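Chemist: Pasting the sequence and the predicted model now:
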Amino acid sequence: MTVMLELAILGFLRDQPLHGYDLRRRVAALMGHVRPVADGTLYPAIKRMAEAGWLTRKDEPGTAAAPRRTLYLTPEGRAELEHRLREPDELDISDENRWFTLLAFLRHLDEPKEQAAVLRRRLAFLEEPTSFFYDGDRPMGAEEFPDPFRQGLLTIAHATSQAELSWLHTTITTLETPQPPGLA
């Protein structure tokens, strides 16, 4: 969770400076289905990231009497974000929740060829035969189960993978097709 949380914080702050509450809402909207984002998780991560030099906190006047602390991404934080996007760990590619967090901010890599390289890694992962259930080393398909629940699980997973594969092929082609001058 820490890796995903840090990536989400870096990515959202790359979009724009945010108050802690606004950042928590955005992180929760992106990742809350995986695990709720509690203040006890978010604020220690912000503190660690500030100590690492990836973000700064500035007090600004609030709507009430108390000042509000706004978080800003530093140049070091931007470099860290770009590094994590350009060279994601294997789990960032294979774990669906981590992948979606990475995908949410991949637009922050400026070079289409770098974006395509990351997508190609996900494509290679998805093209490997896999399943949630195996007969020895052989992945089993939905049609092999009389259980409608396992059939459903595998049918849904297959349909999701097919949709993602289609999107990946289209997007990679678009990213790797040279744009005529003036359209890039």
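Modeler: Nice, I can see it.
Chemist: what about the strands in this structure?
Modeler: Using DSSP state E, the strands found in the chain span residues 18-19, 55-60, 68-73, 134-135, 138-139.
Chemist: Save these as JSON lines, and put in distance to residue 174 and mean pLDDT too.
Modeler: Any C-beta I mention is one placed from the backbone N, CA and C, and that applies to glycine too. Output for the strands of the chain, formatted as JSON lines (distance: least, CB to CB, whole Å; pLDDT from 0 to 100):
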{"stretch": "strand 18-19", "distance to residue 174": "30", "mean pLDDT": "92"}
{"stretch": "strand 55-60", "distance to residue 174": "32", "mean pLDDT": "90"}
{"stretch": "strand 68-73", "distance to residue 174": "28", "mean pLDDT": "91"}
{"stretch": "strand 134-135", "distance to residue 174": "35", "mean pLDDT": "90"}
{"stretch": "strand 138-139", "distance to residue 174": "31", "mean pLDDT": "90"}
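Chemist: Tabulate those (JSON lines), appending mean neighbour count and distance to residue 100.
Modeler: Shown next, in JSON lines, are the strands of the chain (neighbours: other CB atoms under 10 Å; distance: least, CB to CB, whole Å):
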{"stretch": "strand 18-19", "mean neighbour count": "17", "distance to residue 100": "20"}
{"stretch": "strand 55-60", "mean neighbour count": "14", "distance to residue 100": "22"}
{"stretch": "strand 68-73", "mean neighbour count": "18", "distance to residue 100": "21"}
{"stretch": "strand 134-135", "mean neighbour count": "10", "distance to residue 100": "25"}
{"stretch": "strand 138-139", "mean neighbour count": "12", "distance to residue 100": "23"}
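Chemist: Just send the ones you listed back as TSV, with distance to residue 158 too.
Modeler: Output for these, formatted as TSV (distance: least, CB to CB, whole Å):
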stretch	distance to residue 158
strand 18-19	38
strand 55-60	40
strand 68-73	39
strand 134-135	15
strand 138-139	11
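Chemist: Residue 94 is nearest to which of those?
Modeler: Across the strands of the chain, residue 94 has its closest neighbour in strand 138-139 (14.9 Å, CB to CB).
Chemist: Each with direction, which strands does that closest one pair with?
Modeler: Its sheet considered, strand 138-139 pairs with strand 134-135 (antiparallel) by DSSP bridges.
Chemist: where in the chain is pLDDT low?
Modeler: Filtered on pLDDT under 70, the chain yields the residue ranges 1, 33-36, 62-65, 182-184.
Chemist: Need the single longest helix in it, by residues.
Modeler: helix 148-176 (DSSP state H).
Chemist: circling back to that earlier point, of all the strands of the chain, which one is nearest residue 25?
Modeler: strand 18-19 (9.1 Å).
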